[in-house]
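> everything below, folded, please.
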Amino acid sequence: MSRLSPTSSGSLSGSLANLNFRYLREDKPHGSAGGLYIFRDYIMEDSPSHIVLLNCDVCSSFPLPDMLEAHKKYGGMGTLLVNKVSAESANQFGELVADPETNELLHYTEKPETFVSDLINCGVYIFTPNIFSAIEDVLKQKKDRANLRRVSSFEALHSATKALPPDFVRLDQDILSPRAGKKELYTYQTLDFWEQIKTPGMSLRCSGLYLSRFRRTSPHLLASGDGKRTATIVGDVYIHPSAKVHPTSKIGPNVSISANARVGAGARLINCIILDGVEIMENAVVIHSIVGWKSSIGKWSRVQGEGDQNAKLGITILGEAVDVEDEVVIVNSIVLPNKTLNVSVQEEIIL
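So this is what the prediction gives:
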């Protein structure tokens with residue numbers, strides 16, 4: 001559940017027009033499970049039979065219907081979406097061991113120093129409302145331990161700098177790890193794509209994964225063109241119906257162009273995300289970049305990154321309403337909103 005304001009509510013448009021949503025904000029950090037617990041009354045308002053919990057920094061096809069069906073068959077308190085990764089990268093995630101027959105979660109450890117398993121937690125969960133009882137048990141245990149322990153004032157001051165607050169409950173260490181192997185938690189392995197978004201460059205990779213999925217599941221959403229009546233399209237490209245793209249431009253692969261964007265004659269776009277209201281003028285080039293809302297890129301200008309998805313400055317990002325004037329080159333840089341660039345920059349963060 002997103003945490004933007006304590007009481008905001010609203011509705012979505014389009015195919016989700018009938019879905020109501022609410023943004024909730026913690027008064028202080030309570031942990032990944034503790035934050036869920038303090039909003040339990042909101043979550044349980046309509047007495048849901050199941051609760052879907054998604055980490056915000058993951059990209060996936062999110063096979064929730066199949067996962068829910070499996071969860072109901074398991075009959076446990078919770079089901080985790082899991083994925084297999086290379087042994088070299090597994091320790092960057094929560095590693096787990098599952099029963100190959102029943103898919104029960106047998107062991108869970110968060111980012112271990114030594115290799116445990118190539119099966120990792122994807123940060124996508126389905127729980128029954130019993131998750132709140134499990135969190136409440138942890139809170140009670142923490143309170144009991146605090147009441148039993150007697151320390152000197154010096155020890156208390158020293159430990160206070162290290163210990164977590166008593167109402168801070170972590171989903172992984174406090175719920176998943178201790179309840180593994182107790183027939184309460186199960187796993188569902190995805191065979192489709194999954195990525196964790198830890199750098200700006202990963203946003204472009206994830207955009208490409210979704211576009212590739214559109215090719216298989218919704219090809220009508222992708223653009224096509226041979227440069228005669230419409231722009232030349234290479235690979236997977238999405239162009240919003242309200243965007244205006246000149247037929248002499250060349251777009252793709254892995255490009256997403258949002259609403260009311262304008263792409264001028266001779267422009268070249270590769271591996272980029274163009275957000276609402278952007279104007280890309282004649283013969284401009286955008287490669288390995290994200291261009292923010294209402295920004296403009298001048299004639300013969302070049303906005304590009306190296307395309308290193310794991311580097312902090314592996315791509316270029318322009319914030320909202322950034323104006324790049326004519327014949328300016330921006331390479332591997334991050335530009336905050338409402339800036340005008342009339343000189344070329346490389347590997348800079350412009351505040």
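
> domain assignment for this protein?
9-196, 200-350 (automatic domain parsing).

> can you pull out the helices in the chain?
31-38, 40-43, 64-74, 130-148, 153-160, 177-179, 200-217 (DSSP state H).

> and the ones you listed as JSON lines, adding mean neighbour count, distance to residue 312 and mean pLDDT?
C-beta here means a position set from N, CA and C on the backbone, and glycine is covered the same way. As requested, the helices of the chain are exported to JSON lines (neighbours: other Cβ atoms under 10 Å; distance: least, Cβ to Cβ, whole Å; pLDDT from 0 to 100):
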{"stretch": "helix 31-38", "mean neighbour count": "20", "distance to residue 312": "25", "mean pLDDT": "93"}
{"stretch": "helix 40-43", "mean neighbour count": "13", "distance to residue 312": "36", "mean pLDDT": "93"}
{"stretch": "helix 64-74", "mean neighbour count": "15", "distance to residue 312": "32", "mean pLDDT": "97"}
{"stretch": "helix 130-148", "mean neighbour count": "14", "distance to residue 312": "35", "mean pLDDT": "86"}
{"stretch": "helix 153-160", "mean neighbour count": "10", "distance to residue 312": "34", "mean pLDDT": "52"}
{"stretch": "helix 177-179", "mean neighbour count": "17", "distance to residue 312": "31", "mean pLDDT": "95"}
{"stretch": "helix 200-217", "mean neighbour count": "17", "distance to residue 312": "8", "mean pLDDT": "93"}
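
> out of those helices, which comes closest to residue 298?
Nearest to residue 298 among the helices of the chain is helix 200-217 (22.6 Å), distances taken as Cβ to Cβ.

> so which elements touch the closest one?
If contacts are counted by 3 or more Cβ pairs under 8 Å, 6 or more residues apart in numbering; DSSP states H and E, helix 200-217 sits against strand 58-60, strand 194-196, strand 237-239, strand 268-274, strand 285-291.

> would you list the ones you listed in CSV and tack on mean neighbour count?
Formatted as CSV, the helices and strands packed on helix 200-217 follow (neighbours: other Cβ atoms under 10 Å):
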stretch, mean neighbour count
strand 58-60, 18
strand 194-196, 19
strand 237-239, 23
strand 268-274, 24
strand 285-291, 24
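
> can you list those in CSV and add mean pLDDT and distance to residue 218?
Listed next are the helices and strands packed on helix 200-217 as CSV, based on pLDDT from 0 to 100; distance: least, Cβ to Cβ, whole Å:
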stretch, mean pLDDT, distance to residue 218
strand 58-60, 93, 16
strand 194-196, 91, 19
strand 237-239, 97, 10
strand 268-274, 98, 18
strand 285-291, 98, 23
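
> in a markdown table, list the ones you listed along with distance to residue 78.
Formatted as a markdown table, those follow (distance: least, Cβ to Cβ, whole Å):
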| stretch | distance to residue 78 |
| --- | --- |
| strand 58-60 | 17 |
| strand 194-196 | 18 |
| strand 237-239 | 35 |
| strand 268-274 | 34 |
| strand 285-291 | 35 |
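
> including distance to residue 251, could the helices of the chain go into JSON lines?
Shown next, in JSON lines, are the helices of the chain (distance: least, Cβ to Cβ, whole Å):
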{"stretch": "helix 31-38", "distance to residue 251": "40"}
{"stretch": "helix 40-43", "distance to residue 251": "43"}
{"stretch": "helix 64-74", "distance to residue 251": "32"}
{"stretch": "helix 130-148", "distance to residue 251": "45"}
{"stretch": "helix 153-160", "distance to residue 251": "57"}
{"stretch": "helix 177-179", "distance to residue 251": "47"}
{"stretch": "helix 200-217", "distance to residue 251": "12"}
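
> between those helices, which gets nearest to residue 243?
Of all these, helix 200-217 comes closest under Cβ to Cβ, at 15.3 Å.

> hmm, who's touching the closest one?
Around helix 200-217, the neighbours that count as contacts under Cβ atoms under 8 Å, 6 or more residues apart in numbering are 59, 61, 192-193, 195-197, 221-222, 236-238, 253-254, 256, 271-273, 288, 290, 305, 307-312, 314-315, 317, 334.
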